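Trainee: sharing a sequence plus its predicted fold:
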Amino acid sequence: MRRTNTEVPESAWFKSSHSGGNETECVEAAFTTAGASLRDSKRPGEGRFHVSPGAWMCFVGSVSAGELD
């Protein structure tokens, strides 16, 4: 995973359905053909992380299988 300043249109970002309703859990994601970008919705201009499509699929598979705490 690498930190990136890759341009992602604002309209592509959405809040994770797993983010809680409180102020401490605010993850936003955006998906492009290049993979997934993630950022803190409270500080959207302070950078984001980008992962390849394969890395994102591996992460989601691990979460779904209960392999991550």
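Mentor: Okay, I see it. Numbers count the residues shown, from 1 in each chain.
Trainee: mind listing the strands for this structure?
Mentor: Applying DSSP state E to the chain gives strands spanning 2-4, 14-15, 27-32, 35-40, 48-51.
Trainee: out of the ones you listed, the one nearest C58 is which?
Mentor: Proximity to C58 (C-beta to C-beta) singles out strand 48-51 among these, at 9.0 Å. No exception for glycine: its C-beta is placed from N, CA and C like everyone else's.
Trainee: what about that closest one, average pLDDT?
Mentor: For strand 48-51, mean pLDDT is 88.
Trainee: equivalent analysis for stretch 16-36, please.
Mentor: Averaging pLDDT along stretch 16-36 yields 77.
Trainee: so what's T33 closest to, chain neighbours aside?
Mentor: Leaving out its chain neighbours, the residue that sits closest to T33 by C-beta to C-beta, 6 or more residues apart in numbering is P53, at 7.9 Å.
Trainee: wait, that neighbour touches F59, no?
Mentor: No: when contacts are counted by C-beta atoms under 8 Å, P53 is not listed as touching F59 (10.8 Å).
Trainee: separation between A30 and S16?
Mentor: Distance from A30 to S16, counting by C-beta to C-beta, to the nearest Å: 11 Å.
Trainee: kindly report the same for P9.
Mentor: 18 Å.
Trainee: in terms of packing, which of the two has more residues around it?
Mentor: Neighbour count, other C-beta atoms under 10 Å: between P9 and S16, S16 has more, with 13 against 8.
Trainee: what sits against the residue nearest the centre of the chain?
Mentor: Closest to where the C-alpha atoms of the chain average out (C-alpha atoms, centre = their mean) is L38, at 2.7 Å. For L38, the contact set (C-beta atoms under 8 Å, 6 or more residues apart in numbering) comprises 27-29, 48-51.
Trainee: perfect, I'm done here.
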